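No sequence on hand, only this structure:
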Ligand code: ATP
Ligand code: MG
């Protein structure tokens, strides 16, 4: 089969811990899109002690959103470099103001917005078992997606860690923020007829449905 498929531009929305990172990684692998995670981008800025990282850290650790102006510039700079490529935005936009800012860009035309609809009760349990490799953003789950060697990244062998904002208090704050500020973004894209929703509790179960939806989209829009 030809790999020269239409360039895909997609957005992934979902509550914290809904599996955005996991599903995005598979879309990157199978559809050749560049996976751009706003959370990974921010965490790498924090890790490398950049000015952006310094400004963002206090918001992230509490589970609050980083101000829109900063996010729009940060993600906008990366999109600038991705002209002509397919991409998948994971974690951006997550306010209506961010979605509107994205729509004003000439170089951006979004094909699909994937909404992962996972119950909050599942999320709270899942986040307790989440481990990350911060430099790459690779995510593991001690039960559903364990690393080959416990506590170590599969590709580099480096130590995995747990995110500061995965503490229960920060998770509750993030879920509240999601309800107040990100749910309206779902409606925003629904009204543009770009939204597709996938409901369930396990990424491994949702994944084949998402994959066939994208396959179908590419077939009919090629
Ligand atoms: P998960 O990674 O589990 O899906 P999440 O969506 O809460 O959970 P990230 O997307 O990694 O996590 O984001 C982590 C933190 O980074 C957020 O809580 C917020 O502080 C900040 N952040 C990420 N993206 C944005 C954004 N678009 N606007 C504002 N803040 C953001
Ligand atoms: Mg994420």
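Yep, it's here. On a predicted model such as this, the values are computed, not experimentally measured, just so you know. Ligands and ions are numbered 1, 2, ... in the order given.

How about the contacts made by the most centrally placed residue in the chain?
The residue lying closest to the centre of the chain (Cα atoms, centre = their mean) is residue 90, at 2.5 Å. Going by Cβ atoms under 8 Å, 6 or more residues apart in numbering, residue 90 touches 12, 20, 21, 24, 35, 36, 37, 38, 39. Quick note: C-beta positions are derived from backbone N, CA and C, even for glycine.

Next, count neighbours for the residue in the chain that ligand 2 sits nearest to.
The nearest approach of the chain to ligand 2 comes at residue 21, 3.9 Å away (Cβ to the ion). Residue 21 is flanked by 22 other residues according to other Cβ atoms under 10 Å.

How about residue 106?
5.

contacting residues for residue 41?
By Cβ under 8 Å, 6+ apart, residue 41 lies in contact with 74, 75, 78.

and what of residue 173?
Each residue near residue 173 by Cβ under 8 Å, 6+ apart is listed here: 62, 63, 64.

Now the residue in the chain positioned nearest to ligand 1: closest residue in space, sequence neighbours ignored.
Nearest residue of the chain to ligand 1, counting by Cβ to the nearest ligand atom: residue 39, 1.8 Å away. Leaving aside its chain neighbours, residue 39 sits nearest to residue 91 (4.8 Å; criterion: Cβ to Cβ, 6 or more residues apart in numbering).

I figured that neighbour hits residue 35, correct?
No - if you go by Cβ atoms under 8 Å, residue 91 and residue 35 don't touch, sitting 10.5 Å apart.

any shared contact partners between these two?
Joint contacts of residue 91 and residue 35 (Cβ under 8 Å, 6+ apart) do not exist.

The two: which is more packed in?
The neighbour count for residue 91 versus residue 35, taken as other Cβ under 10 Å, is higher for residue 91 (23 against 20).

Could you report the pLDDT at that one?
pLDDT recorded at residue 91 is 96.
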